[in-house]
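In: Pasted the sequence and its predicted model underneath.
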Amino acid sequence: QVQLVQSGAEVKKPGASVKVSCKVSGYTLSEVSMHWVRQAPGKGPEWMGGFDPENGGTLYAQNFQGRVTMTEDTSTDTAYVELSRLRSEDTAVYYCATGPTLRGNWFDPWGQGTLVTVSS
Amino acid sequence: QSALTQPASVSGSPGQSITISCTGTSSDVGGYDYVSWYQQHPGKAPKLIIYDINYRPSGVSDRFSGSKSGNTASLTISGLLAEDEAVYYCSAYTSTNTRYVFGTGTKVTVL
């Protein structure tokens, strides 16, 4: 079964960028559909982007377009999400999760989460 | 894309059944049979408990069941246990560029 292990907590200043990693084991990164979801303190999850079964590419949520980049290194089975121009509202736990490769809606499993704190 | 609407809290006694609603629009909940539900305990990642409206992943108790009518999906927990105390989120596939949307979350309290 798939296991996802994420990088550690980060503290960043407003305007900076952050890059979070997610190491896949049990399967290769090429065999899974990777997504990134964040959750601000006390709030519900928010999908940031990931594999789009409609066209087989990467789709970014409208709220993050222009600020987010998702990449994959298949040689190490590691996925990355980078968020730029950070602001205090980006303080959240960032999760990677695998999802459907065909049209559908499920995220399972999830990584353990990476807390990103944006503070001056 | 707005978050799906859920009641803030629902409570029940051990052994009872409770139902959590999740209201969206014809562009998400009402437009596809791709509604999922997640259970989240404090400090933990969300756990998938229902997908495609009413399918359970392997290992999830059959006390959890889902349904949908129009733009509203529902999660029912029967035979409530103390361990069911958690926050529950719904999620739906959407026709917009924000392909997946989550609900506002419902805190379930076992009295």
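Out: Alright, I've got the coordinates. Numbers count the residues shown, from 1 in each chain, chains lettered A, B, ... in the order given.
In: what's across from B:Thr19 in the sheet?
Out: With DSSP bridges as the criterion, B:Thr19 is bridged to B:Thr76.
In: I'd say it and B:Ser74 touch.
Out: Yes: contact criterion C-beta atoms under 8 Å: B:Thr19 and B:Ser74 qualify, at 5.4 Å. Bear in mind the C-beta positions are built from the backbone N, C-alpha and C, glycine included.
In: higher neighbour count, the two?
Out: Neighbour totals were compared for B:Thr19 and B:Ser74, and B:Ser74 leads with 19 against 14 (other C-beta atoms under 10 Å in any protein chain shown).
In: partner strands of the worst-scoring helix or strand of chain A on mean pLDDT, parallel or antiparallel?
Out: Of all helical and strand segments in chain A, the minimum by mean pLDDT, DSSP states H and E falls on strand A:57-60, at a mean of 92. Next to strand A:57-60 in the sheet, as set by DSSP bridges, lie strand A:45-52 (antiparallel).
In: mind listing the strands for the chain?
Out: Just so you know, I chose chain A. Along chain A, counting by DSSP state E, strands occupy A:3-6, A:10-12, A:18-25, A:33-39, A:45-52, A:57-60, A:68-73, A:78-83, A:92-99, A:114-118.
In: try chain B instead
Out: Ranges of strands in chain B, per DSSP E, are B:9-12, B:18-23, B:35-40, B:47-50, B:64-69, B:72-77, B:86-93, B:100-102, B:106-110.
In: which other residues reach the last one?
Out: With C-beta atoms under 8 Å, 6 or more residues apart in numbering or on different chains as the test, strand B:106-110 has contacts from B:6-14, B:18, B:20, B:77, B:80-82, B:84-89.
In: now that strand: how far from the chain's centre is it?
Out: For strand B:106-110, the distance from its own C-alpha centre to the chain's C-alpha centre is 12 Å (C-alpha atoms, centre = their mean, to the nearest Å).
In: For that strand, C-alpha coordinates in CSV please.
Out: The C-alpha trace of strand B:106-110 is given here as CSV (Å, rounded to 0.1, in the frame of the first residue of the first chain):
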residue,chain,number,x,y,z
THR,B,106,-19.2,19.1,11.4
LYS,B,107,-18.0,18.3,15.0
VAL,B,108,-19.6,15.1,16.2
THR,B,109,-20.0,14.8,20.0
VAL,B,110,-20.8,11.6,21.7
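In: How confident is the prediction for A:Ser25, by pLDDT?
Out: The model reports A:Ser25 with a pLDDT of 96.
In: what's the closest non-adjacent residue to it?
Out: Of all residues not flanking A:Ser25 in the chain, A:Gln3 sits nearest, at 4.8 Å (C-beta to C-beta, 6 or more residues apart in numbering or on different chains).
In: residue contacts, the residue nearest to the spatial centre of chain A?
Out: Residue closest to the mean C-alpha point of chain A, counted by C-alpha atoms, centre = their mean, is A:Trp36 at 2.6 Å. Contact analysis of A:Trp36 by C-beta under 8 Å, 6+ apart lists A:Trp47, A:Met48, A:Gly49, A:Gly50, A:Val68, A:Met70, A:Val81, A:Tyr94, A:Tyr95, A:Cys96, A:Ala97.
In: about what we covered before: can you pull out the residues in contact with the least confident helix or strand of chain A?
Out: Residues from elsewhere that reach strand A:57-60 (C-beta under 8 Å, 6+ apart): A:Met48, A:Gly49, A:Gly50, A:Phe51, A:Asp52, A:Val68, A:Met70, B:Asn97, B:Arg99.
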